[in-house]
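K.L.:
Sequence and predicted structure, then a few things I'm wondering about:
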Amino acid sequence: MAFLKAIVLRACKPRGVWGVPGAWFRAAALVLTVGAGLAAQGGRAPEYQVKAVFLFNFAQFVDWPPEAVPDSKAPLVIGVLGDDPFGGFLEATVRGEHRGARPFVVRRFKRVEDIKTCDILFISQSEGDRVDEILATLKSRPILTVSDGEAFAERGGMIRFVTESNRIRLKINLQAAQAAHLTISSKLLRVAEIVTPTRS
């Protein structure tokens with residue numbers, strides 16, 4: 001669990017980060033690592049604020065194939081498909097941030113067919129009835145698919161957030177990531193549960 005704390009703390013800086021007080025991110029790290037009440041921090045960090053930090057940090061622990069990034073200065077796109085549960089947290093998290101020369105941008109999509117350029121895609125629970133169709137459409141595209149929907153990784157998604165007792169765990173479908181030619185760092189794999197897909 002120490003690595004999960006590091007993922008969140010990596011996003012923290014001494015000043016308020018991205019217009020959001022750094023204390024929120026320290027609180028988020030505690031939610032991840034101890035699952036305790038955060039009375040000293042003034043309350044538990046909102047769940048989707050923590051998940052926004054995770055999405056940002058996934059970019060540091062995933063490598064895309066060279067052909068997926070022909071322009072080394074092109075924006076690194078974090079997309080949200082369906083209803084957006086993040087509010088302003090996602091924009092606040094990535095504001096002013098880069099992966100190498102690539103600035104982060106957030107885009108929202110109503111339909112999977114609208115996705116032209118995307119590196120990390122959060123699939124909202126509002127799309128639960130269409131997850132199989134969405135994943136089939138995206139199959140083999142170099143897009144890291146993430147969700148907190150039921151059995152997402154087992155159904156062919158790459159990373160699922162699982163929230164239990166105020167802790168966020170990760171389930172990773174390594175086979176799905178490899179099929180899309182994405183390389184997930186062993187550091188991230190070590191703190192996740194690796195799952196086997198139930199569907200092809």
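P.N.:
Done, it's in.
K.L.:
Strands of the chain, residue ranges please.
P.N.:
Counting by DSSP state E, the chain has strands at residues 62-63, 76-81, 98-99, 102-109, 120-123, 144-147, 159-164, 167-172, 183-184, 193-194.
K.L.:
what about the fourth one, distance to the chain center?
P.N.:
Centroid separation between strand 102-109 and its chain, computed with CA atoms, centre = their mean, to the nearest Å, is 13 Å.
K.L.:
Run me through the strand neighbours of that strand, direction for each.
P.N.:
strand 76-81 (parallel), strand 98-99 (antiparallel) (DSSP bridges).
K.L.:
Same question for that strand: list its buried residues.
P.N.:
R102, F104, V106, R107, F109 (16 or more other CB atoms under 10 Å). The C-beta positions use only the backbone N, C-alpha and C, and glycine is treated the same way.
K.L.:
Let me see the contact set for the fourth one.
P.N.:
It refers to R107. Residues near R107 by CB atoms under 8 Å, 6 or more residues apart in numbering: V77, I78, G79, V80, C118.
K.L.:
Restricted to buried residues, select the residues you listed in PyMOL.
P.N.:
In PyMOL syntax, the buried subset of these is picked out as below (16+ other CB under 10 Å):
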select buried, resi 77+78+79+80+118
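K.L.:
between the contacts of R107, which is closest to I159?
P.N.:
Distances from I159 to the contacts of R107, taken as CB to CB, are shortest for I78 (12.8 Å).
K.L.:
show me where pLDDT drops low in the protein?
P.N.:
1-45, 199-200 (pLDDT under 70).
K.L.:
on that earlier part again, format the strands of the chain as a markdown table; extra columns: distance to P70.
P.N.:
A markdown table is the format used below for these (distance: least, CB to CB, whole Å):
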| stretch | distance to P70 |
| --- | --- |
| strand 62-63 | 15 |
| strand 76-81 | 13 |
| strand 98-99 | 16 |
| strand 102-109 | 12 |
| strand 120-123 | 18 |
| strand 144-147 | 18 |
| strand 159-164 | 25 |
| strand 167-172 | 27 |
| strand 183-184 | 18 |
| strand 193-194 | 31 |
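K.L.:
Tell me which of those strands sits nearest to E47.
P.N.:
Nearest of these (CB to CB): strand 159-164, 6.4 Å.
K.L.:
The residue nearest to T137 when sequence neighbours are not counted and G157: what is the separation?
P.N.:
Nearest non-adjacent residue to T137, counting by CB to CB, 6 or more residues apart in numbering: V112, 4.9 Å away. Separation of V112 from G157 (CB to CB, to the nearest Å): 13 Å.
K.L.:
for V105, same thing?
P.N.:
22 Å.
K.L.:
ditto for N57
P.N.:
18 Å.
K.L.:
Those two - which one has more neighbours?
P.N.:
Between N57 and G157, counted using other CB atoms under 10 Å, the more crowded position is G157 (27 against 19).
K.L.:
My guess is that one contacts T145. True?
P.N.:
Yes: counting by CB atoms under 8 Å, G157 touches T145, with 4.7 Å between them.
K.L.:
Overlap in contacts, the two.
P.N.:
The contact lists of G157 and T145 share I123, L135, A176, where a contact means CB under 8 Å, 6+ apart.
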